[in-house]
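Asks: 3D model of this:
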Amino acid sequence: MQKISSADDDANIDFQPSSIKFELKSRDCLARLATLETPHGKLETPTLLPVINPNDQVLTASEMRKLFGASGIITNSYIIYKSKNLHETAVKKGVHGLLDFDGPVMTDSGTFQLYTYGRVTVKPEEIIKFQKKIKPDIGTILDVFGSTTRTYDEAHEDVIETLARAANAIKLKGSLALAGTVQGGIYPNLREHCAHELSKLPFEMHPIGGVVPFMEEYQFKDLVRIIIACKKGLTPARPVHLFGAGHPMIFPLAVALGCDTFDSASYIKYADDDRFLFPNGTKKLNQLELLPCTCPVCIDTTVAELRTLDASVRRKMIAKHNLYISFNELSLVKQAIIEGTLFELVEQRARAHPHLLHSLPEVYRDREYLEQFEPISRRRFLYVGSESMNRPEIIRFQERIKNQYIKPKTKSVVCFPEPGNRTVSFEEHFQDEIFQVSKLTDAHFVFQTIFGPVPIEFNGVYPFGQTVLDPGLAVKLAEKPDALKLMRQYSHELRSEFFIFWKDKNSLATIKMIATEKKQFDLDTARVHAIADYQFGSGAAEILFTDKLKFVKSKNTGKIRNVISDGEHILSLRAGDGLFTLKKSGAIKLHKGFKPPRLRVVVTSESVEFNREGKNVFSKFVLRCDPALRPGDELLITDEEDSLVAIGRLVLTCGEIQAFNTGIAIRIREGFK
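Replies: Below you'll find the model as predicted:
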């Protein structure tokens, strides 16, 4: 049993660890596919908890589960507390008995009522004690709602009071799993501070509160700023709930920024006003001639029929539609996480509303923070709009080429323009020209692209080699001033005598005039050197490769598949993302050549033997992790004496590994026995 020191009387207050367990399964952006295990079952995040008003159950909790697959719900403990009948029944039967629901139930505490009406007739301590009596799976503290009109000093006082209430609630919680709400008004530094302080206390969940006005007023830019600030301060080991996020239009954005659960009363509030929710906005019944939807409600009825229905019946049917749409949107979000296409979905959905689109620059403003969570590669890079070029993987690609790539010293460098033809790679498109130039002189090749200058060695590397966009648009973007500026900078940094922009076959005549050296540049060797330094860090190529270098190539494509150095298979080149899979002999070289902590994850002695046998590494057995590693990275697993134990691929970020006590941190490929 853990002890918490009481600020009131210096006594030690006992509380019991709850049975809540949060385990991360998969990720994309800051989004997390995870399981939240409660006494009444599991929630698969991201998920929606529909709000059940016990005084007005338009749809019952059991209907929520049967019709929409809702695995959990949320209700308001303050409403139950204030009603004599509900109060007595809830204390007698528990909140699950009151609502006739055997799945996870979360309770709110009355904070929104405090914001709406200016006061609540319950003290913070009383509502915690009451929630303990009615036994929800997760309760919530009575925090101070930080409205958008509060000055900085007022918001600061609200945070101080919220933190004091949070600390006191922990002393009272017993075995109740409790949610500590992050407040701080419109001020990111207050939000981050509040989140950081709450993370020090043993809460099981952290809602982001005080955001309903931002959503009601379409202040999505402020909402983005607030969510990111909260995420920076919160421990990754706990789920994050976004209070009042009921419109499906914002689900992709909020999930991409790391929100795991939502609650929604919007389904019924909008139905009260005959309004239909859609992923791209809202429509009133009197604006519709048809129902542009395939949910069961819209299939089985017509607009004309809905208008003739009794108001209460129509209200329930529209509420059902709104929930079908909401749950369906979250299914699309989950699938996007699995596919690694969530940023694409966010950018596509943002075009549903100007204010959403206006928020995207704020999403990408803190790219250094986002990049920590960005997988080393994805299946594709789909260009959606100009904001796509600010995604963290693009910035990483450009920075690594700038800082980790060693430009070959050749007589000439030939720059090929964006061809527009996306059915073949740049290298394949210009293969005849490359062959002709290489016969004349010692030349290196670079491509002018939407990403700026891309050396030929990175032809198949993500994201350059997996980009999908319109050919005509690609040409226009590659010729924009920013792209041309990057190319000019690149040309000035070269170690070559001549830099030639290829225009047409006449460019070959120019090259003939300056050609003095025969070909020395070997593309295969240059490619593996460049990718090694790009992927594993500066100096990796020098460590891995010797003069006795051989390549095994695909019989179908002629592309490198395996790299042999000194007769040993050290690397395999993946066709999907153009990066290396590390083999045992390569791991030994990197382990010897790089000093700790480079490329290393250090595990406990009790994990070592299992990992040597090829069993995965779990987070709780990790002692240290190279902070430069990213999800999907190839890495070395070592023991505390830096002996090589295994090689594998990172699943979580290093920060998540340190925070979590459950779940797989690294998938082992091969162990060293």
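Asks: Can you show me the helices along the stretch 501-650 of the chain?
Replies: 506-514, 523-536, 540-544, 584-593, 605-612 (DSSP state H, counting those that start in this stretch).
Asks: Would you pull up how far the third one lies from the middle of the chain?
Replies: In terms of Cα atoms, centre = their mean, to the nearest Å, the centre of helix 540-544 is found 32 Å from the chain centre.
Asks: List the contacts of it.
Replies: Helix 540-544 is contacted by residues 406, 528-530, 532-533, 536, 565, 570-571, 586, 589-590, 592-594 when judged by Cβ atoms under 8 Å, 6 or more residues apart in numbering. Glycine gets a C-beta too; all of them are placed from N, C-alpha and C.
Asks: And the buried ones among those, selectable in PyMOL?
Replies: A single PyMOL command selects the buried members of the contacts of helix 540-544 (16 or more other Cβ atoms under 10 Å):
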select buried, resi 528+529+530+532+533+536+565+570+571+586+589+590+594
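Asks: List the buried residues for the top helix by length along the chain?
Replies: When the chain is parsed with DSSP state H, its longest helix is helix 311-339. Within helix 311-339, the residues that count as buried by 16+ other Cβ under 10 Å are 314-330, 332-334, 336-337.
Asks: ok, residue 213 touching residue 150?
Replies: No - using Cβ atoms under 8 Å, residue 213 is not in contact with residue 150, being 10.9 Å away.
Asks: more crowded one of those two?
Replies: A count of neighbours by other Cβ atoms under 10 Å puts residue 150 above the other of residue 213 and residue 150, at 21 against 18.
Asks: Pull the contacting residues for that one.
Replies: 158, 185, 186 are the contacts of residue 150 under Cβ under 8 Å, 6+ apart.
Asks: Wait, a helix at it?
Replies: No - counting by DSSP: H, G, I helix; E, B strand; the rest coil, residue 150 is not part of a helix but coil.
Asks: and which of the contacts of residue 150 is nearest residue 109?
Replies: Of all the contacts of residue 150, the one sitting nearest residue 109 is residue 158; the distance, using Cβ to Cβ, is 15.4 Å.
Asks: Let me know the helix or strand that the closest one is in.
Replies: According to DSSP states H and E, residue 158 maps onto helix 152-172.
Asks: tell me what the following helix or strand past that helix is packed against?
Replies: Counting by DSSP H and E, the next helix or strand C-terminal to helix 152-172 is strand 178-179. Contacts defined by 3 or more Cβ pairs under 8 Å, 6 or more residues apart in numbering; DSSP states H and E place strand 178-179 against strand 139-140.
Asks: Please name the strands paired to the strand it packs on in the sheet, noting orientation.
Replies: Neighbouring strands of strand 139-140 in its sheet, by DSSP bridges, are strand 178-179 (parallel).
Asks: quick revisit: what is the helix holding residue 158 packed up against?
Replies: strand 12-15, helix 124-134, helix 188-199.
Asks: for the stretch 451-600 of the chain, what spans make up the strands?
Replies: Per DSSP state E, counting those that start in this stretch, the stretch 451-600 of the chain carries strands over the ranges 452-455, 467-468, 498-501, 549-553, 560-565, 568-573, 580-582, 600-603.
Asks: contacts for the shortest one?
Replies: By that I understand strand 467-468. 380, 381, 382, 383, 422, 450.
Asks: For burial, what's the neighbour tally of the fifth one?
Replies: So that's residue 422. Under the neighbour criterion other Cβ under 10 Å, residue 422 is assigned a count of 15.
Asks: Now it: closest residue in space, sequence neighbours ignored.
Replies: Residue nearest to residue 422 in three dimensions, not counting chain neighbours: residue 471, with 5.6 Å by Cβ to Cβ, 6 or more residues apart in numbering.
Asks: Same question for the last one.
Replies: Closest residue to residue 450 in three dimensions, ignoring its sequence neighbours and counting by Cβ to Cβ, 6+ apart: residue 477, at 4.2 Å.
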